[in-house]
Structure formats: C-alpha cells, structure tokens
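K.L.:
Just need the structure, nothing else, for what follows:
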Amino acid sequence: MADFRADTFAGLTVAVVALPLAMALAIASGAAPEVGLVTAVVAGLLISALGGSRFQIGGPTGAFVVIVYGIIAQYGYDGLLMATLMAGFFLVAAGLARVGTLIKYIPDPVTTGFTSGIAVIIMASQIKDILGLQAEKVPAELIPKLQALWAVRDSLSLLALGLSVSCVVSILLLRRYAPRVPGFLVVTVLAAGLVAATQLPVETIGSRFGEMNARLPSPSLDFWGWENALALLPSALTIALLAGVESLLSAVVADQMTGRRHRSNVELVAQGVANIASAAVGGLPATGAIARTATNIRSGARSPVAGMLHATFLLIFLLLLAPVMKLVPMAALAAILVVVAMNMAETHRFGLILRTSHGDRAVLLATFALTVLVDLTVAIGAGMVLAAFVFMHRMAGLASMEGQAPIIEGDREDLPPGQRAPYLPNQGLPDDIGVFTFRGPLFFGSAGVLKDALDQIGARKRIYILRLEEVPLLDPTGAFALGDLLKRLLDEGDEVSVVGANHGVLRALLQTTPKPLLKRVHFVRTFETARKQVLGASGPDSITAGPPSGEPAVGQIRTE
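P.N.:
Numbers count the residues shown, from 1 in each chain. This next block holds a predicted model:
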C-alpha cells in the first residue's frame, strides 16, 4: 500500500507537469492542443505498462516538433498518422531483432548537434506567439519563416511580449528557488487567470482553436493511404530513430538515478506499440521524456504504476478541465516551449565538444547546421557518415609499419646520446633476414600500410618475418593486401613467417588467401620462436596445429 501511495503522488506530480507541456508541444507541431493530451494519455500508459524501464514516462517531446510540423505541412495530418504508424512497426521490429544496443553507437557530436539544432528551430517557431505577430501561414523552413515574420513585424504586440517574458522569468525563478513547484502549470494557470480577469487582448487557445474536444477518440485506421506510403518512409524512419534514441537515453538517465538497469529491446517494442496506438487514436509520435522521467523518480515513484497513473490523471484533466484550458494565452505556452528549448540546447556540452578534435567539431557543426537549415533526416544521415569517416581516419592513424633498417646506412634519430633508442639492425638478426612489424588495426582505411610495405622491401632477403602481435583486427580488404604482401615476399625470398596473429586475424587471412600460398607460410606464436627457427634452433614453443578450431581446413599449413 505504501508503494501505491508513493506511485500515486509521483503520477499526479508528473501529470501536473505534463498537462501544459503536452498542449504546448502539440500546438508547436501544428496540431490541436488536445492531441498532445491524447498522445500523453494513450502512449504514456502503454510505454509505462509495457516498457523495459520501471520509471519511464512517455508522451510527446520537443525532439519531434520539427519533424511533425514538416510532415503536416507537406502531407497533412493523415500523412503524420501514417508516418507514426509505420515508425511504430519499425520500432517493434527493431526491438524483436535485438538492435536496441546498437543505438548506443550514435556518437555524442551527432546527438548534441541535432538536439541543439532542434532547440533553435523550436525557439524560432515560437517567435510568432512570443511577439504576438499576426501571420496567416508561416513556412516550416527557418530562413523563410524568419522572412515571413519580419514581413509582419508591424503587428508586434507589446502585451504578448511582456506576458511571454514574464512567464519565462517566472518559470526560471521557480525552477531555481522552488524546484518542487510545477512551474509550467503555475505559470499557465496564473497567465490564464490574468487574461480572463483583465480581458487582455492577446490570443488564447480558445481564440485560435475554438472549443477543445474533451474526449478520447475511438481507434481508427481510416487515415491510411498506400499512395503516400513510400514518400513517407524517410519520415517514418526518422521518427523511429528519434523515438528509439530518446527513449533509451531517458532509460539510461533513469538507471543512473535509481541504480537499476533497463531492458533496451523491450523498451523499443513498447515504444513501437505506443506509437501504433497513438496513431490509431489520432495522436502524435511519442517517446520517453527525460525531464518527466526524472521528475517521476524525484517524486518517489517505485514502479511502472506511477507512469500509468500519470496517464490516468491526464485523462481526467482532459475530460474535466477542457472548458478552462481554452483561456490559456498562446504567449504562456510559447514561454513554456522557450524553456524546453533552452533545456534541449545543451550549450555546455556543445561548447565542450567544440574544444575537442577537428573531426568532432566538424561532425557537431555539420549536424547542427543541417538540422537548422535543411532537414533533420539529412542531418542525422550526414552526421553519421561524417562521424564514421572521422572514426576510420583515427583507426587508420593507429596502424603503422616498421622495417628492418634505415634507407640510408648510418641514418639515426637526431637525439642526444642519452635519449637515443638503442639501434638493433634487423632486431638482432643477420642482414639476409627481413623483419616487418605491424601495429594497429589493418582494415580498408589502413590497407595502405601493407601496400607501403611492398615498396619498402628493398634488397632481396633470404627470409622474411611479419610481426602481427599488435594487430587486433584484420578485415577482408586488409587480408587481401596482406595476402598480396605474402605472395610478393615468397617470390623474393625462400621463407616467410607470420608471428603472433590472433584468432580473428588468422581467420580473416585463412578465408581470403589462396591455399597453395598458405602452405608455404610458417605461422608461429612468438618472435623468439621465429628467431630460433631462422637461426636453425627451433624451440618447444613453436605451433604444430593447423588453423583455429572450427575453421575450414586449408591444406597442410606449416605451423612450426
């Protein structure tokens, strides 16, 4: 019973926070305010009931505002419902395929870039209501939007501006000095009361949208149309990706606050089911909300019941308070979204990434600029591709090769004698033996290291030793290049030994190199073994087995 009381209090607290926020997010997305509440009720209930995190609170979030607004502008509200429905099925499929853990590979510069970009777009979308501008239709794109708003600058309302600024300041002050007070709701109620009492000439929910539809719609798929399904596929994939990323980030935050562990794939399935249900009742895309989840935990939630009760309380608010909600001024809701955007901007993290490497800065700024100026789908795709190239460049930089002797006889490091590394020509072996030492991953980005080795063979040697002890990875491209090097070395000399290849490296080499070539290669575990062999003193630590267990036979490979 104590747990239920704690969950009830937490659910009521989160519902109070979510009430004005859900309406504000719906309006910013181009939908009616009650749609945000319906989404929070239906999706919020299912996310808490079925999810992989005990404390997750689901509903509409700021990350979707940009995408939803653009889809509605291009395809209408039915197009949004189609994209949300498809995204739900994608999320269910992703969870069943157990790809939830893969989302963690999206790097911070990409997530910070697009969340900061979304924050800028949300702030820009609220300029109209903050300033009380009279504009019939505002474009979704940032630059055309600013141009359209500038064209109607003469309709600026000082009353709306003053009300918005007052609401923003009040929310920030309450958050600082009374963090337990639901600042969003308090400001919304006070602003609505002020407008109702003084009849201030500012736009309200009622004046823009009319009477709110205070009911929960019946499920329906009448919006579906095959003609737009293919065109909406990129938008659906973007919704699914954002829902998956944000919900799992929120679950991670909950884990950090409670010491528990979420089940990522179960969470993705729950997010998918919630989005399917939300689309069926005419709602918006939904995902786990980090701020509301944190509020739920701080309010003492002990189980998923708190999230389910949060949805129940919101349904009660929708059914009972709709006549009062129409009095809420648009300037107050705009102020709420400005604060939400400030929280999303992550300016501190943005600044920290700017201080890191050139590659991370490029990924961050490219993702941010493309989010703001082009499209979120393009931004995420370009950011991931650029991040992959940066990663490959770094991995390729780790690969290196050392030959056996300097190009010019007598060439040495230009260091004082006390700091000069001892020089061992050929690592202490005779001059007719060539030694190549490779370090780092040998993959398609660093295959040039192997090709460079072909050019550095120099004078012909009787025996060649390839040291691979510090090579952790060999991909097919690197394996083919290594096979070419082995062939060249065998053509040049009498014997070739491969030293210290781990199981993965050896497996890749066996799968890509012709069997007749491998039959002529010695595979040994240690350089000391190779040294003894070439000096005619094979030791007890030499390998006598063939390929690793489970590998296809490759003839009688010499592994002395």
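K.L.:
what's the residue closest to the geometric middle of this protein?
P.N.:
Ile106 (3.8 Å; CA atoms, centre = their mean).
K.L.:
That residue against Val245, yeah?
P.N.:
Yes. Counting by CB atoms under 8 Å, Val245 is a contact partner of Ile106 at 6.3 Å. Where you see a C-beta, it was placed from the backbone N, CA and C, and this is true even at glycine.
K.L.:
Which other helices and strands does the helix ranked longest in the chain contact?
P.N.:
The longest helix of the chain (DSSP state H) is helix 65-96. Where contact means 3 or more CB pairs under 8 Å, 6 or more residues apart in numbering; DSSP states H and E, helix 65-96 is packed against helix 2-28, helix 108-125, helix 233-258, helix 264-280.
K.L.:
hang on, the earlier thing: can you pull the residues that touch both of Ile106 and Val245?
P.N.:
Common contact partners of Ile106 and Val245 (CB atoms under 8 Å, 6 or more residues apart in numbering): none.
K.L.:
any idea how far Pro476 is from Leu510?
P.N.:
12 Å (CB to CB, to the nearest Å).
K.L.:
repeat for Leu37
P.N.:
61 Å.
K.L.:
of these two, who's got more company?
P.N.:
Between Leu37 and Leu510, counted using other CB atoms under 10 Å, Leu37 has the larger neighbour count: 31 against 21.
K.L.:
is it fair to say that one lies in a helix?
P.N.:
Yes. Assigned with DSSP: H, G, I helix; E, B strand; the rest coil, Leu37 falls within a helix.
K.L.:
Against Val42, how distant is the nearest residue to it once chain neighbours are set aside?
P.N.:
Leaving aside its sequence neighbours, Leu37 sits nearest to Leu318 (CB to CB, 6 or more residues apart in numbering; 4.7 Å). Plainly put, Leu318 is 11 Å away from Val42 if you go by CB to CB.
K.L.:
Which residues are in contact with each of those two?
P.N.:
With CB under 8 Å, 6+ apart, Leu318 and Val42 have common neighbours Leu216.
K.L.:
list the buried ones in stretch 143-156?
P.N.:
145, 148-149 (16 or more other CB atoms under 10 Å).
K.L.:
now it, how far from the chain's geometric center?
P.N.:
34 Å (CA atoms, centre = their mean, to the nearest Å).
K.L.:
what's the answer for stretch 124-134, then?
P.N.:
Using CA atoms, centre = their mean, the offset of stretch 124-134 from its chain centre is 31 Å.
K.L.:
how about it: buried residues?
P.N.:
Buried residues in stretch 124-134 (16+ other CB under 10 Å): 124-133.
K.L.:
Just flag the most distant two among these.
P.N.:
Ala124 and Gly132 (15.9 Å; CB to CB).
K.L.:
where are the low-confidence patches of the stretch 1-150 of the chain?
P.N.:
By pLDDT under 70, the low-scoring segments of the stretch 1-150 of the chain are 104.
K.L.:
again, 80 this time
P.N.:
By pLDDT under 80, the low-scoring segments of the stretch 1-150 of the chain are 1, 100-106, 136-137, 139-141.
K.L.:
any idea how far the residue nearest to the centre of the chain is from Gly62?
P.N.:
Ile106 is 18 Å from Gly62, by CB to CB.
K.L.:
returning to that earlier point: which one of Leu318 and Val42 has more residues nearby?
P.N.:
Val42 (28 against 24).
K.L.:
Wait, that one touches Ala279, no?
P.N.:
No. Between Val42 and Ala279 there is no contact under CB under 8 Å: 9.7 Å.
K.L.:
burial count for the closest residue to Ser264 other than its chain neighbours?
P.N.:
Spatial nearest neighbour of Ser264, excluding adjacent residues (CB to CB, 6+ apart): Gly100 at 3.2 Å. Gly100 has 24 neighbours, counted by other CB under 10 Å.
K.L.:
what's the least confident helix or strand in this protein, going by average pLDDT?
P.N.:
Least confident element among the helices and strands of the chain, by mean pLDDT, DSSP states H and E: helix 447-455 (a mean of 73).
K.L.:
If we go by neighbour counts, what in the next helix or strand after that one is buried?
P.N.:
Later in the chain than helix 447-455, the nearest helix or strand by DSSP states H and E is strand 463-470. Neighbour counts over strand 463-470 (16+ other CB under 10 Å) mark 463-468 as buried.
K.L.:
list the contacts for Leu376?
P.N.:
Here Leu376 is in contact with 66-67, 114, 117-118, 238, 242 (criterion: CB under 8 Å, 6+ apart).
K.L.:
Spell out the residue ranges of the strands in the protein.
P.N.:
Per DSSP state E, the chain carries strands over the ranges 58-59, 287-288, 400-402, 433-439, 463-470, 495-499, 521-524.
K.L.:
quick one: average pLDDT of the fifth one?
P.N.:
In this case it means strand 463-470. The average pLDDT for strand 463-470 rounds to 90.
K.L.:
helices and strands around that strand, which ones?
P.N.:
Where contact means 3+ CB pairs under 8 Å, 6+ apart, strand 463-470 is packed against strand 433-439, helix 476-492, strand 495-499, helix 527-534.
K.L.:
so where is the stretch 351-500 of the chain shaky, pLDDT-wise?
P.N.:
Judged by pLDDT under 80, the stretches of the stretch 351-500 of the chain that qualify are 375-377, 396-428, 447-448, 450-460.
K.L.:
May I see the buried residues of stretch 41-50?
P.N.:
41-48, 50.
K.L.:
and if you look at stretch 323-332?
P.N.:
Result for stretch 323-332 [16+ other CB under 10 Å]: buried residues 325-332.
K.L.:
Which members of these are positioned in helices?
P.N.:
Per DSSP H, these map to helices at 325, 330-332.
K.L.:
can I get these in a markdown table with pLDDT?
P.N.:
As requested, these are exported to a markdown table (pLDDT from 0 to 100):
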| residue | pLDDT |
| --- | --- |
| Met325 | 85 |
| Met330 | 89 |
| Ala331 | 91 |
| Ala332 | 90 |
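K.L.:
Which two among those are spaced furthest apart?
P.N.:
So, those by CB to CB: farthest apart are Met325 and Ala331, at 15.1 Å.
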